[in-house]
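Engineer: A structural model of the following input is requested.
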Amino acid sequence: MRPETAFTGEDLFPHAQPWDVVFDVLRVSHGEFWLVAGDGPGAGIVSAIPEGDSLTGNGEAIGIPTLASAGHVAVALSVWEGPAPDGPGKLLGTSRIVAPDRELALVNVEGREPGPVLVLPDEGEHQVRVWRRPARGVGGPECYDIRVWP
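Structural biologist: From the prediction side, this is the model:
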């Protein structure tokens, strides 16, 4: 499946457009995945393991809980020049992340292999807000809308 097809049929950004956006489909297990600063494998995720149904962040990684303990999730990761508008679905929370190299990546539990890298316009601290919505159609992946801004 092409990641962006999970978001087909909806206007993900109806009121404004992000500076950049990347889509991915991640295999997750243990009910979680992470947004990390850099390209992934070196991030300290141990203190960012999500508890319950909300985000957990430590400045260099943000743990994002999933409803399914195993399977695939679709993700839209976008960066905004100013505060991001609200997204569709259930708000899982807000956290912060510091990106000294202007890069953010998604990683999973199995081997912590990074997904695509989103390059930010500026380095430094950024705010992150995450929404989750149910799968579209039978057997579709849960969808996560992750919005980042300075």
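
Engineer: buried ones in stretch 45-62, by neighbour count?
Structural biologist: Across stretch 45-62, burial judged by 16 or more other CB atoms under 10 Å covers 45, 48, 50, 55-58, 60-62. Just so you know, the C-beta spots here come from the backbone N, C-alpha and C atoms, and that holds for glycine as well.

Engineer: report the mean confidence score over the helix or strand hosting Ile97.
Structural biologist: In this structure, Ile97 sits in strand 90-99 according to DSSP states H and E. Over the span of strand 90-99, the pLDDT mean works out to 96.

Engineer: by contact count, what packs against the lowest-mean-pLDDT helix or strand in the chain?
Structural biologist: Least confident helix or strand, the chain: strand 114-119 with a mean of 82, by mean pLDDT, DSSP states H and E. Counting contacts by 3 or more CB pairs under 8 Å, 6 or more residues apart in numbering; DSSP states H and E, strand 114-119 packs against strand 20-29, strand 70-79, strand 103-107.

Engineer: can I get the CA coordinates of the last one in PDB?
Structural biologist: Just to be clear, that refers to strand 103-107. Presented in PDB, the C-alpha positions along strand 103-107 are these (Å, rounded to 0.1, in the frame of the first residue of the first chain):
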ATOM      1  CA  GLU A 103      15.600  16.000  10.900                       C
ATOM      2  CA  LEU A 104      12.700  14.000  12.400                       C
ATOM      3  CA  ALA A 105      12.100  10.300  11.700                       C
ATOM      4  CA  LEU A 106       9.500   7.600  12.600                       C
ATOM      5  CA  VAL A 107      10.800   4.400  14.200                       C
END
